[in-house]
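1. What would the 3D arrangement of this be:
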Amino acid sequence: MTRYAIYATPPTDSALWDLGSSILGYDAVTGRDVPFPDHPVFHDPLSLAWSAEPRRYGFHATLKAPFHLAEGGDAAALQADLAGFCKGRKPFTLDLTLAVVGHFLALVAVAPEQAIDALAADCVRHFDPYRAPLTPEDRERRHPETLIQRQVENLDTWGYPYVFDDFQFHMTLTGAMEPADRHRLEPVLRDLLAKVPLRLTVEALSLFVQPDREGRFVVVERCPFGG
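-> Have a look, this model is predicted:
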């Protein structure tokens, strides 16, 4: 069953997009695998393991987490609404750095930025009418027993626990890793990231689509800001 998501991404012709996609081994614009960076650590079979989960989603920052369309929902209407939503927005820029987020590595904002927090909150609210309620199976996938009460309420109300006060902008580069593996990979990623501008200009939002649970997300539309 098809899922949709609204993500922030670098311009898809940028060095940051190319590198992020290469680290994951997948380009969500073309829907194809791409070569990993040319470094011995990426030739280790473990690289396929730690990149397997984020590879399914492509290089992105979540603003409206993946959802099934509500009954009677229309993908074309969602796409048109996203285009209109973006026309009223002004671009802004985030400086990025590599950080440990939970058990994985990701790019995060160097400093808190109200603009991205507000944009994420607006996306959660504005596009929620398109979202079907979580199935019991989808709810269980979020392991609600591990969440604090506010996050459980977010999950039940908005379909995702990490919204509003629990939102943290991040662009995932790995799946969950053991500390020893993470410590081995982190300096390699820092060296690679030092070769590209670690600055994200949020000037558009992308609509991603996953045709089924076993498939990968692909970009179907990138809607530019009009401000």
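2. what packs against the worst-scoring helix or strand of the chain on mean pLDDT?
-> Scoring the helices and strands of the chain by mean pLDDT, DSSP states H and E places helix 45-55 at the bottom, with a mean of 88. Counting contacts by 3 or more C-beta pairs under 8 Å, 6 or more residues apart in numbering; DSSP states H and E, helix 45-55 is packed against helix 15-24, helix 179-193. Yep, even glycine has a C-beta here, placed from its N, CA and C like the rest.
3. just those helices: most buried one?
-> helix 15-24 (a mean of 21; mean count of other C-beta atoms under 10 Å).
4. pLDDT (mean, whole number) over the strand ranked longest in the chain?
-> In the chain, assigned by DSSP state E, the strand with the most residues is strand 92-101. The average pLDDT within strand 92-101 is 98.
5. related to what we said a few turns ago, not counting its own residues, what contacts the least confident helix or strand of the chain?
-> 23-26, 36, 41, 104, 172-177, 181, 185, 216 (C-beta atoms under 8 Å, 6 or more residues apart in numbering).
6. Kindly recompute the last result at 7 Å.
-> With C-beta atoms under 7 Å, 6 or more residues apart in numbering as the test, helix 45-55 has contacts from 24-26, 36, 41, 172-175, 177, 181.
7. Buried by neighbour count, from those: which ones?
-> Listed as buried from these are 24-26, 36, 172-175, 177, 181; burial here means 16 or more other C-beta atoms under 10 Å.
8. What is the most widely separated pair among those?
-> Y26 and D181 (19.9 Å; C-beta to C-beta).
9. pretty sure T97 contacts V110?
-> Yes: with contact defined as C-beta atoms under 7 Å, T97 counts as touching V110 (5.2 Å).
10. Just the helices from this structure, written as ranges.
-> Secondary structure of the chain (DSSP state H): helices located at 15-24, 45-55, 75-87, 114-126, 136-141, 149-158, 179-193.
11. ok, residues contacting the last one?
-> Put plainly, it is helix 179-193. By C-beta under 7 Å, 6+ apart, helix 179-193 touches 19, 23, 37, 39, 41, 46, 50, 98, 100, 105, 173-174.
12. can you redo those residues as JSON lines with distance to I116?
-> Rendered in JSON lines, the data for the contacts of helix 179-193 read as follows (distance: C-beta to C-beta, whole Å):
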{"residue": "L19", "distance to I116": "21"}
{"residue": "I23", "distance to I116": "21"}
{"residue": "P37", "distance to I116": "27"}
{"residue": "H39", "distance to I116": "30"}
{"residue": "V41", "distance to I116": "30"}
{"residue": "L46", "distance to I116": "32"}
{"residue": "W50", "distance to I116": "26"}
{"residue": "L98", "distance to I116": "17"}
{"residue": "V100", "distance to I116": "20"}
{"residue": "L105", "distance to I116": "19"}
{"residue": "L173", "distance to I116": "18"}
{"residue": "T174", "distance to I116": "21"}
